[in-house]
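J.: starting from these lines, generate the structure:
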Amino acid sequence: MFFDIGLGEVLGLAVLAMFLVGPERLPKVAGEAAKWVKKIRELANSATAELKENLGPGFEDLQPKDLNPKTFVKKQISEMLDEENPKAKSNTSKAMIDPDLL
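T.: Residues are numbered from 1 along each chain as shown. Predicted coordinates:
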């Protein structure tokens, strides 16, 4: 599920919410929480789209998990090695990242 939370945890949180909020206000609070989750998702999607736009060509398939430096470097190296162009495998190939952006 979401954030590696299982069914048991979700049920436990629901019971806890019912005790803390009360059964009469629980639907309203759940609706507000759903609105906040939707807003956060929209903000994350717009931030990712803006980042892709600002980085320029070559980053159309960028995912937020790719921003981890280890993942980013592994992905760039594997793409470079997967190319069938022998020039890309040599040490004299051009860097895929513009040094001025760093």
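
J.: spatially central residue for this protein, please.
T.: Pro64 (3.1 Å; Cα atoms, centre = their mean).

J.: helices or strands up against the lengthiest helix in the chain?
T.: The longest helix of the chain (DSSP state H) is helix 26-55. The contact analysis (3 or more Cβ pairs under 8 Å, 6 or more residues apart in numbering; DSSP states H and E) places helix 26-55 against helix 7-21. C-beta coordinates here come from the backbone N, C-alpha and C atoms, glycine included.

J.: could you pull up the mean pLDDT of the helix it packs on?
T.: When pLDDT is averaged over helix 7-21, the result is 88.

J.: my guess is the residue nearest to the centre of the chain contacts Ala44. True?
T.: Yes: using Cβ atoms under 8 Å, Pro64 makes contact with Ala44 at a distance of 7.2 Å.

J.: show me this protein divided up by domain.
T.: 7-62, 63-96 (automatic domain parsing).

J.: alright, I will stop here.
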